[in-house]
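> I would like the atomic coordinates for the input below:
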Amino acid sequence: MQTPCINAPILVLAGFAMSLLALPDRAAPTSFHNAPDSAAQLVNPFAGQPAAAAAGGALYAAHCAACHGRNAEGSGNIPPLARSAVQSAADGEIFWFITTGSVNDGMPSWASLPEPQRWQIVAYLKTPLTATTAARAP
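Purely as a prediction, here's the structure:
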């Protein structure tokens, strides 16, 4: 008569643990619109500068508000920017996305805007009062 293997429950648990390791990690942070890791390292030269954020608000009104809304509220399938993933994304990731755009998502590339202006838009979008500021932008 064979004795049952005492290690069988341990083997079952070990197998289960290994299968969990093979699952995709859903809790892992992802980059903003698949921005490269290097984009997150970029530093906004205008961060925390109210005058730059105000200039960014004027640029937003001229270039972004038609799609994302005057108050950055979005509409339909156009995402809001005042209260969304934009607020938790790194400045460099937002800058990268503004620069490269995404044809598949309907976001044009704004690489034609001078780099300082793109950074000013980022500064504006990261301003806590973005929606209020947008309403006042010309």
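> State the distance from P108 to C67.
Using Cβ to Cβ, to the nearest Å, P108 is found at 9 Å from C67. C-betas here are computed from N, CA, C, even on glycine.
> can you pull the contacts of G74?
Contact analysis of G74 by Cβ atoms under 8 Å, 6 or more residues apart in numbering lists H68, P80, L81, S84.
> Please enumerate the strands of the protein.
For the chain, no strands are identified by DSSP state E.
> quick one: the residue nearest to L81 when sequence neighbours are not counted and W119, what's the gap?
Closest residue in space to L81, ignoring its immediate chain neighbours: A72 at 4.2 Å, by Cβ to Cβ, 6 or more residues apart in numbering. Using Cβ to Cβ, A72 is found at 17 Å from W119.
> tell me the contacts of the residue positioned nearest the centre of the chain?
The residue lying closest to the centre of the chain (Cα atoms, centre = their mean) is F32, at 3.4 Å. Residues in contact with F32 (Cβ under 8 Å, 6+ apart) are A85, V86, A89, A90, E93, I94, W96, F97.
> Neighbour-wise, give me the winner out of these.
I94 (27 neighbours; other Cβ atoms under 10 Å).
> List just the nearest of the contacts of G74 to K126.
Nearest to K126 out of those is L81 (Cβ to Cβ; 10.0 Å).
> Could you check how many residues crowd around that closest one?
By other Cβ under 10 Å, 26 other residues sit near L81.
> Return the residues in contact with it.
For L81, the contacting residues are C64, H68, A72, G74, L125, T130, by Cβ under 8 Å, 6+ apart.
> Would you quantify the distance from the residue nearest to the centre of the chain to Q120?
Separation of F32 from Q120 (Cβ to Cβ) stands at 18 Å.
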